[in-house]
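pasting the structure only:
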C-alpha cells in the first residue's frame, strides 16, 4: 500500500490524512503515540480482504494537521467520530493500539451508538500517579528540547528477543519517533498519559477483544487484565513472548484473531 492511496479530508477544525480500502463492515485502525497510519502496513491489507478498512493519522501526527495543544482524549475521540461522520459510516469495529486503544475506549464511552466492537491492543484503562508524572516529565522535556537519543529510542517498544533479532526495525521506528513535531507529541503524551476510567467501562455493552503481549515492556500486562475484568463482554488474548507492537511482531496472529472476532460479531448481528 503506497502513498498514492492516502487522502486528506476536513474533520472539524483539522484536515485528517487517511486511507480507505476494501469493502464490508467498517474497521478503523487507530495508531499509538508517535506513530502514523503506516504503522498498519502489515495488518491493513489482510483485514481489507473482508472489510472496509480505514486507517488515519491521529491529530498531531503523520500528515494530519498539528494544531497547538493542549489536546484531550475527548477531543481525539471526537476526531475519530467526526471522521466516521464525514465518511458516512454509521458504526464500526475499532482496533486501537496503545494510545489508539485509549482513544478507542474514550470513543466507546462518548459515542456508544457507533460501536460495533472494540479490539484493544497493548493498552490500559488507567494510568497510575507515578506513570502520570513520568509522562508529564517526558512531555516537558521533548517540548523544551526536542527528541534526544533516549526519547527517540524504540527498543523498549518490542520484546527483547525481537529487538535483538531485528535491530533495523527498532532503528526505523526510533527514526520515525524523532521525526515527530515535539509540541504535538508533547500535547498528545500529556493527554494519553493521564486517564482513569476503569469503573466506567462497565457501560460498554459491545463485544471487546483485549490483546496483550506478555513481553510488553511499555504497557504491563496487569493493565489489560484489569481492563478485561471491567468490560462486561470482553475476552483476553495473551501472547507469550510478544512485545508492545503486536501488529509488527505477530501480524499474522493478530490478523487472524481480529478477522475471527469481527466475523463473529458481524454474524451475531
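Perfect, I can see it now. Fair warning: this is a prediction, and the values are worked out from it, not measured in the lab.

and the most centrally placed residue in the chain, which of the three is it?
Residue closest to the average C-alpha location in the chain (CA atoms, centre = their mean): residue 100, at 2.2 Å. Following DSSP: H, G, I helix; E, B strand; the rest coil, the label given to residue 100 is helix.

And the pLDDT for it?
Residue 100 is assigned a predicted lDDT (pLDDT) of 98.

Likewise for the one 5 residues further on?
Taken from the predicted model, the pLDDT recorded for residue 105 is 98.

ok, it - how many residues close by?
28 (other CB atoms under 10 Å). Yep, even glycine has a C-beta here, placed from its N, CA and C like the rest.

How about residue 146?
Residue 146 has 15 nearby residues by other CB under 10 Å.

swap in residue 196?
13.

mind listing the helices for the stretch 51-200 of the chain?
73-86, 99-110, 129-145, 149-152, 160-165, 167-178, 182-192 (DSSP state H, counting those that start in this stretch).

what sits against residue 191?
70-73, 75-76 (CB atoms under 8 Å, 6 or more residues apart in numbering).

Could you report the neighbour count for residue 226?
With other CB under 10 Å as criterion, residue 226 counts 15.

What's the separation between the closest residue to residue 232 other than its chain neighbours and residue 125?
Distances taken as CB to CB, 6 or more residues apart in numbering put residue 202 closest to residue 232, at 6.1 Å, once the chain neighbours are dropped. According to CB to CB, to the nearest Å, residue 202 and residue 125 sit 11 Å apart.

Between those two, which has more neighbouring residues?
residue 125 (24 against 10).

which of the residues in the helix or strand of the chain with the lowest mean pLDDT are buried?
Of all helical and strand segments in the chain, the minimum by mean pLDDT, DSSP states H and E falls on helix 149-152, at a mean of 83. By neighbour count with 16 or more other CB atoms under 10 Å, helix 149-152 contains the buried residues 151-152.

Report all helices and strands that that helix contacts.
Contacts defined by 3 or more CB pairs under 8 Å, 6 or more residues apart in numbering; DSSP states H and E place helix 149-152 against helix 129-145, helix 167-178.

Three-state assignment for residue 216, please.
coil.

so who does it touch?
By CB under 8 Å, 6+ apart, the contact set of residue 216 is 122, 159, 242-244.

Can you tell me which of those has the largest number of neighbours?
residue 122 (29 neighbours).
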